[in-house]
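Student: sequence first, then the predicted structure:
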Amino acid sequence: MTQKTYNTGTGALIFIICLSASLVPFMGSALNLALPYINSDLSLDAVMSGWVPTSYMLSTAILQIPCARIADMIGRRKVFIWGVIVLTLFSVLSGFASTGTSLIIYRFLAGVGSAMMFGTSTAILTSSVPAEKRGKALGMVAAAVYFSLAAGPFIGGILTQYFNWHSIFFVSAALSLIVAVGGIVIIKDDWKEEGKSTFDTVGAILFALALSSLIYGFSELPHVSGFIFIGIGIVVILYFAVYEKKQEFPVFNIRVFLGNRVFRLSSLSALINYSATFAISFMLSLYLQYVRGLSPRDAGLILIVQSVASLKSGSLSDKMSATFLATLGMGIIAVGLVGLCFITETTNLYYLGGILILLGLGFGIFSSPNTNIIMSSVEKKHYGLASATMGTMRLTGQAFSMGIAIMAISIMIGNVRMSPALSSQFIGSMRITFVICLVLCLFGVYASSARDRKKKDV
């Protein structure tokens, strides 16, 4: 194979992976701008509104690791392509949803396809790119993620304002279809394990029950039921860990997780980072429209100012300490969250724009180096596990972040329809959310820096 052919094939693969990686953040950030219109059309209260994005993240989080295990058995290419097809189908159905319940169900089922796709995509990329270029490739994927996060609000605002919120799902379905066709044509290898193995059905069920209980319980706080579900989730996750250690073919190789300090702490850093950041765009999109009275288009123009620094930071992680970069990024996010805690009903929008630029810089500097650390800390045979673990941490963190936001809204507003008349209560829920996220981010700085305490791993 010539160098030119290799570069062309790898470039096409990276493009498909980048496009697939951008689907979820684009949908999430675009949908945030449409939530006021969805709430109005489907008569959703403030708490149920939060379950429109959360239902999707819940199913993706609980199924990513089981899907990755299935992919190791039957082939990552097959699972990736079928996942994109499932995502495309239920994105279309979401666009036709006429009730809040049906929309939440379709979003949950779309998450099944997303779990199949994201449980394999990073593993496919890591298996295809040489180690010395892996950081740059992962940085390109991270850049695509944060570009879609930045462009999503603007595009979502335009689509919502000039067409309707249904169009966001149809555009996402069209992009998913391109990924499906591209995956069929470009991805040639299946990367499945040799030899016979069995699927750990009991482990998969335990994992799903544990994460579901934890995420649902967190969204129910401070009610007693919330603490009960969290308690159940903790008990089940501990039993799951003990059970998996005894399995010959576990759905989640707990030995790799417990025995690899860098992998464990890097995964924890990713969980904390997404827990501390995902709710930001959700809360700010509601703030800009309900409190400041902006149109979806204008709100999107403000949210788009987030800086996309991840491509450069991905290249730097091949030359500099990825641990240092990831810790620095987390620290920058913490500073941005401090600034968000002081937002009021009359805050200067230039101030908000400056904070968003700072947050975008932190997102970019953290993400691709941390991803590089995770994927480089395991043997090639464990790439599927590492990819799925990373994706699960991301989606679980995002779901926890939404749980924080739903909890804060429940405390300050309750189960009523959002309106400008509730501006002061909503500002209060924003402050609660951002303070909790700040505390989490400070823990994340510690977890990220702790990777180099005993030895230089990167």
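Tutor: Everything's here; your move.
Student: which secondary element of this protein has the worst mean pLDDT?
Tutor: Least confident helix or strand, the chain: helix 310-316 with a mean of 50, by mean pLDDT, DSSP states H and E.
Student: which elements pack onto whichever helix or strand comes after that helix?
Tutor: Going down the chain from helix 310-316, the next helix or strand is helix 322-340, by DSSP states H and E. In this structure, helix 322-340 packs against helix 261-286, helix 310-316, helix 349-376, helix 423-449, with contacts taken as 3 or more CB pairs under 8 Å, 6 or more residues apart in numbering; DSSP states H and E. Any C-beta I mention is one placed from the backbone N, CA and C, and that applies to glycine too.
Student: confidence-wise, which of these is weakest overall?
Tutor: Lowest mean pLDDT within the helices and strands packed on helix 322-340: helix 310-316, a mean of 50.
Student: do you know how far residue 206 is from residue 215?
Tutor: Distance of residue 206 to residue 215, computed by CB to CB, to the nearest Å: 15 Å.
Student: the two: who's more crowded?
Tutor: residue 215 (25 against 20; other CB atoms under 10 Å).
Student: for that one, which non-adjacent residue is spatially closest?
Tutor: Distances taken as CB to CB, 6 or more residues apart in numbering place residue 399 nearest to residue 215, at 4.6 Å, with adjacent residues excluded.
Student: who touches the residue nearest to residue 443 when sequence neighbours are not counted in this structure?
Tutor: Counting by CB to CB, 6+ apart, the nearest residue to residue 443 once its immediate chain neighbours are dropped is residue 272, at 5.8 Å. Contacts for residue 272 (CB atoms under 8 Å, 6 or more residues apart in numbering) come out as 330, 397, 440-441, 443-444, 447.
Student: same thing but 7 Å
Tutor: Contact analysis of residue 272 by CB atoms under 7 Å, 6 or more residues apart in numbering lists 397, 440, 443-444, 447.
Student: what comes up buried for stretch 95-109?
Tutor: Applying a neighbour-count criterion of 16 or more other CB atoms under 10 Å, one finds 95, 97, 100, 103-109 buried in stretch 95-109.
Student: how far off centre is that stretch?
Tutor: When C-alpha coordinates are averaged (CA atoms, centre = their mean, to the nearest Å), stretch 95-109 and its chain have centres 20 Å apart.
Student: quick check: mean pLDDT of that stretch?
Tutor: Mean pLDDT, computed over stretch 95-109, is 91.
Student: please shift the residue numbers so they start at 53 in all later answers.
Tutor: Done: numbering now begins at 53, and the last item shifts to stretch 147-161.
Student: using CSV, write out every CA atom in that stretch.
Tutor: Taking C-alpha atoms only, stretch 147-161 is exported to CSV below (Å, rounded to 0.1, in the frame of the first residue of the first chain):
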residue,chain,number,x,y,z
GLY,A,147,-39.4,14.4,13.9
PHE,A,148,-43.0,13.1,13.5
ALA,A,149,-43.7,12.9,17.2
SER,A,150,-47.0,14.5,18.2
THR,A,151,-46.9,14.0,22.0
GLY,A,152,-44.2,14.4,24.7
THR,A,153,-44.4,10.8,25.7
SER,A,154,-43.8,9.5,22.1
LEU,A,155,-40.9,12.0,21.6
ILE,A,156,-39.2,10.8,24.8
ILE,A,157,-39.7,7.1,23.8
TYR,A,158,-38.3,7.7,20.3
ARG,A,159,-35.3,9.6,21.8
PHE,A,160,-34.7,6.6,24.1
LEU,A,161,-34.7,4.2,21.1
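Student: got the contact list for that stretch?
Tutor: Residues outside stretch 147-161 that contact it (CB under 7 Å, 6+ apart): 94-96, 100, 103-104, 107-108, 110-111, 142, 145-146, 218, 221-222.
Student: ok, of these, which come out buried?
Tutor: Buried among the contacts of stretch 147-161 by 16+ other CB under 10 Å: 94, 96, 100, 103-104, 107-108, 110-111, 142, 145-146, 218, 221.
Student: helix or strand: which one has residue 260?
Tutor: Per DSSP H and E, residue 260 falls inside helix 253-272.
Student: counting contacts, what elements does that helix pack onto?
Tutor: Judged by 3 or more CB pairs under 7 Å, 6 or more residues apart in numbering; DSSP states H and E, the packing partners of helix 253-272 are helix 98-126, helix 276-297, helix 435-464.
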